[in-house]
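In: Quick one, fold the following:
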Amino acid sequence: MRIFPEYCVTMARYNAWQNAQLRAAFETLSDAELRKERKAFFGSIFKTANHILWADRMWMARLGLGEAPEGDHLSLTPTPAVWAGERYKTDARLLHWADHLDAVDLKGDVNWRSVMAERDFSHPFDLCVMHLFNHQTHHRGQIHAMLTAAGAKAPVTDILFMPEDGPWL
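Out: Next up, the predicted model:
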């Protein structure tokens, strides 16, 4: 086993803490600034935020934690306010899952068909969980850079500065 339930709890808390900071940062920018094309991988702050939410839900569905998202990954939610609410609910579900994990829950394989790659995949469950958390962190780093470029105060991202007692949401 590569990871343990304690890792999942820490990373789910980190994810929720980071997303709470993003929600606050987004409130300081206009809708136009959030949607402005910035030559980033997914274009804008808002499209990247939608991509992370969509991917989190897709991975959670593959892990048996809910339904797969419908629609395009860059336009999952129509407005920053809707994104904030959906992000909050998704983070709460991920925290609940992590808080109730047993080591045996991280065993086994995850099998899925990728429509984009047009092929089947099978990977160890714990590796897929690691990917879920790594993917979030990777793309939040892109948002951090875009927020800084937009003149907004970017979140503190170092896990070592994460509050020990929350708030997680």
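In: could you say which helix or strand contains the spatially most central residue of the chain?
Out: Of all residues in the chain, the one closest to the mean position by Cα atoms, centre = their mean is residue 136, 4.1 Å from it. Following DSSP states H and E, one finds residue 136 within helix 125-149.
In: returning to what we had before: would you mind measuring from the residue nearest to the centre of the chain to residue 50?
Out: Noted for residue 136: a distance of 13 Å to residue 50, by Cβ to Cβ, to the nearest Å. The C-beta positions use only the backbone N, C-alpha and C, and glycine is treated the same way.
In: Repeat that for residue 6.
Out: Separation of residue 6 from residue 50 (Cβ to Cβ): 30 Å.
In: The closest residue to residue 147 other than its chain neighbours sits in which helix or strand?
Out: Leaving aside its chain neighbours, residue 147 sits nearest to residue 154 (4.3 Å; criterion: Cβ to Cβ, 6 or more residues apart in numbering). Secondary structure from DSSP H and E places residue 154 outside every helix and strand.
In: Pull the distance from stretch 129-141 to the chain's centre.
Out: Centre-to-centre, stretch 129-141 and its host chain are 7 Å apart (Cα atoms, centre = their mean, to the nearest Å).
In: go on, stretch 98-107?
Out: Distance, stretch centre to chain centre, for stretch 98-107: 19 Å (Cα atoms, centre = their mean).
In: where does this protein have low pLDDT?
Out: Applying pLDDT under 70 to the chain flags no residue at all.
In: Check which helices and strands the helix holding residue 136 sits against.
Out: Where contact means 3 or more Cβ pairs under 8 Å, 6 or more residues apart in numbering; DSSP states H and E, helix 125-149 is packed against helix 5-26, helix 45-62, strand 109-114.
In: Let me see the contact set for residue 47.
Out: 35, 74-75 (Cβ atoms under 8 Å, 6 or more residues apart in numbering).
In: Out of those, which is nearest to residue 140?
Out: When the contacts of residue 47 are ranked by distance to residue 140 (Cβ to Cβ), residue 74 comes first, at 15.9 Å.
In: how many neighbours does the closest one have?
Out: For residue 74, the neighbour count with other Cβ atoms under 10 Å is 15.
In: same question, residue 113
Out: Residues lying near residue 113 (other Cβ under 10 Å) number 9.
In: Secondary structure class of the residue lying closest to it once chain neighbours are set aside, three-state.
Out: Closest residue to residue 113 apart from its sequence neighbours, by Cβ to Cβ, 6+ apart: residue 120 at 5.2 Å. At residue 120 the chain is in strand, as set by DSSP: H, G, I helix; E, B strand; the rest coil.
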